[in-house]
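Novice: Mind folding the following:
(one chain, ligands or ions: 1)
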Amino acid sequence: MTNIKVEEKTSKSGCISALEAPTMSGNDGADKAESGFTQDLKSVLVTSVLNLEELDIDLYRGRHHWVPRTQRLFGGQIIGQALVAAAKSVGENLYAHSLHCYFVRAGDPKVPVLYQVDRTRDGRSFTVRSVKAIQHGQPILICQASFQVLQPSPLQHQFSMPVVPQPEELPTVEEIIHQYLSKPDLTESAKVGLNKILASEVPIEIKPVNPALFYRISPGEPRRYFWGRARGYIGEGNMKLHCCVAAYVSDFALLGTALLPYSKYKARFTASLDHAMWFHSTFRSDEWMLYECESPWAGSSRGLVQGRLWRRDGVLAASCAQEGVLRVKPVTQTSKL
Ligand SMILES: CCC(=O)SCCNC(=O)CCNC(=O)[C@H](O)C(C)(C)COP(=O)(O)OP(=O)(O)OC[C@H]1O[C@@H](n2cnc3c(N)ncnc32)[C@H](O)[C@@H]1OP(=O)(O)O
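Specialist: Model (predicted):
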């Protein structure tokens, strides 16, 4: 148990739980203000993507913001919106602790997504909701989310956060791309690809810990890290919303981790098949969090990936697991990036 931290101090109630903590992170609340964000620059994730339109009881409509180059809807958007829909039907005192989803069809960016909530069970401690995301009359995602009343626990341990450079020491993806674009031997197609990434409106700020691994320029162990946070201001207070934003972020750059050992292949078709997530602690999704991604297995044209989302003060905020289809083809040319 070399990497496990067991918390020994107790709270007033004699037990401890990160869920009891009154503040979201207690670390860098001033961070966004320092970097020029004000409440006027609210995150588009809050004002638009996760701001579902209520059509009827337990029926919502979600719109798209950023659509990946694959022209299928971003899985994180569908999971985040499904969790918003589920959370709307539970009491104020209930907090998401886990969700389990299957992506059963590709999402169509040309039409909105409907979210139909089934109130599966309301218990004394745990409450379960099933959500169907629907387009063209057919499910594209099925999701079960479970919520819990905050409860103290004498048991509390977590792994230790990996030691990596702090976000202030690292360039943003935009800065990294500008560096690549200034390289004289860059191919035209690479230039076009990089400019497309720059032009896309991803509502998350990203600082990769190792850009060469993040962009799969060099092969490596199937493990990588990046700092991420919602672009714009969300603010302290609404933990349900922070979980929905984290659900959005959690599908970003996760599956690609399984491709890291394979420099002789490039992706022909990749898509997440399922996604599970567990929320452990309070956090602010508009503050830097470290996403630790690793892939313990690949085979049968599939890859398993696991993610851990860390608060920068070392508290484990959430964990994820995902399986995806990985169809690849041999690389014919060396990349000039
Ligand atoms: C960041 C990661 C993300 O956000 S990904 C976005 C979220 N996830 C998704 O959108 C996945 C949604 N789910 C799906 O689209 C389906 O369940 C998928 C994953 C495609 C699996 O379904 P499958 O049974 O293969 O679908 P299908 O028969 O409709 O075929 C889809 C395309 O794949 C091809 N395919 C199928 N089997 C093979 C095979 N063995 N070898 C090679 N290709 C295969 C099909 O021909 C079809 O291709 P095409 O679309 O007609 O070009």
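Novice: Near the nearest residue to Gly62 once chain neighbours are set aside, how many other residues are there?
Specialist: Nearest residue to Gly62, sequence neighbours excluded (Cβ to Cβ, 6 or more residues apart in numbering): Gln81, at 4.0 Å. All C-beta atoms are positioned from the backbone trio N, CA, C, and that covers glycine. Gln81 sits with 30 neighbouring residues when counted by other Cβ atoms under 10 Å.
Novice: Let me know the helix or strand that Gln81 is in.
Specialist: Per DSSP states H and E: Gln81 is located in helix 75-87.
Novice: so how far is that helix from its chain's centroid?
Specialist: Centroid separation for helix 75-87 versus its chain: 11 Å, with Cα atoms, centre = their mean, to the nearest Å.
Novice: Is Arg327 in contact with Ala271, as I believe?
Specialist: No: counting by Cβ atoms under 8 Å, Ala271 is not a contact partner of Arg327; they are 9.2 Å apart.
Novice: what about the closest residue to Leu255 other than its chain neighbours, distance to the ligand?
Specialist: The shortest distance from Leu255 to any non-neighbouring residue, by Cβ to Cβ, 6+ apart, is to Gly324 (4.1 Å). The gap separating Gly324 from the ligand is 7 Å, by Cβ to the nearest ligand atom, to the nearest Å.
Novice: isn't there a strand covering Gly324?
Specialist: Yes: counting by DSSP: H, G, I helix; E, B strand; the rest coil, Gly324 falls inside a strand.
Novice: what residues does the stretch 101-250 of the chain put near the ligand?
Specialist: With Cβ under 6 Å from any ligand atom as the criterion, the stretch 101-250 of the chain meets the ligand at residues 103-107.
Novice: 8 Å instead, please
Specialist: The stretch 101-250 of the chain has residues 103-107, 140-141 near the ligand, with proximity defined as Cβ under 8 Å from any ligand atom.
Novice: Only the buried subset of these, as a PyMOL command please.
Specialist: In PyMOL, this line selects whichever of these come out buried by 16 or more other Cβ atoms under 10 Å:
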select buried, resi 103+107+140+141
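Novice: Please enumerate the helices of the stretch 1-150 of the chain.
Specialist: Applying DSSP state H, counting those that start in this stretch to the stretch 1-150 of the chain gives helices spanning 31-34, 44, 75-87.
Novice: before we move on, what about the stretch 201-337 of the chain?
Specialist: 211-214, 239-250.
Novice: which residues sit against the last one?
Specialist: By that I understand helix 239-250. For helix 239-250, the external contacting residues (Cβ atoms under 8 Å, 6 or more residues apart in numbering) are 24, 43, 45-46, 49-50, 76-77, 79-81, 83-84, 87, 95-96, 99, 203-204, 228, 230, 234, 275, 277, 279, 282-286, 289, 291, 307, 309, 317-318, 320.
Novice: Could you tell me which of those belong to strands?
Specialist: Among the contacts of helix 239-250, the ones falling in strands (DSSP state E) are 95-96, 99, 204, 228, 230, 275, 277, 279, 289, 291, 307, 309, 317-318, 320.
Novice: what about the closest residue to the ligand within the stretch 151-300 of the chain, how many neighbours?
Specialist: In the stretch 151-300 of the chain, no residue comes nearer to the ligand than Ala271, which is 3.8 Å away by Cβ to the nearest ligand atom. Other residues lying near Ala271 total 14 when counted by other Cβ under 10 Å.
Novice: Which strand residues bridge it?
Specialist: The partner list for Ala271 in beta bridges (DSSP bridges) reads Val325.
Novice: And for the one 5 residues further on?
Specialist: Beta bridges link Ala276 to His100, Ala321, judged by DSSP bridges.
Novice: What separation do you get for it and Val164?
Specialist: According to Cβ to Cβ, to the nearest Å, Ala276 and Val164 sit 25 Å apart.
Novice: do the same with Ile176
Specialist: Taking Cβ to Cβ, one finds Ile176 at 16 Å from Val164.
Novice: Of those two, which one has the most company?
Specialist: Ile176 (20 against 16).
Novice: pretty sure that one contacts Ala212?
Specialist: No: using Cβ under 8 Å as the test, Ile176 is too far from Ala212 to be in contact (9.8 Å).
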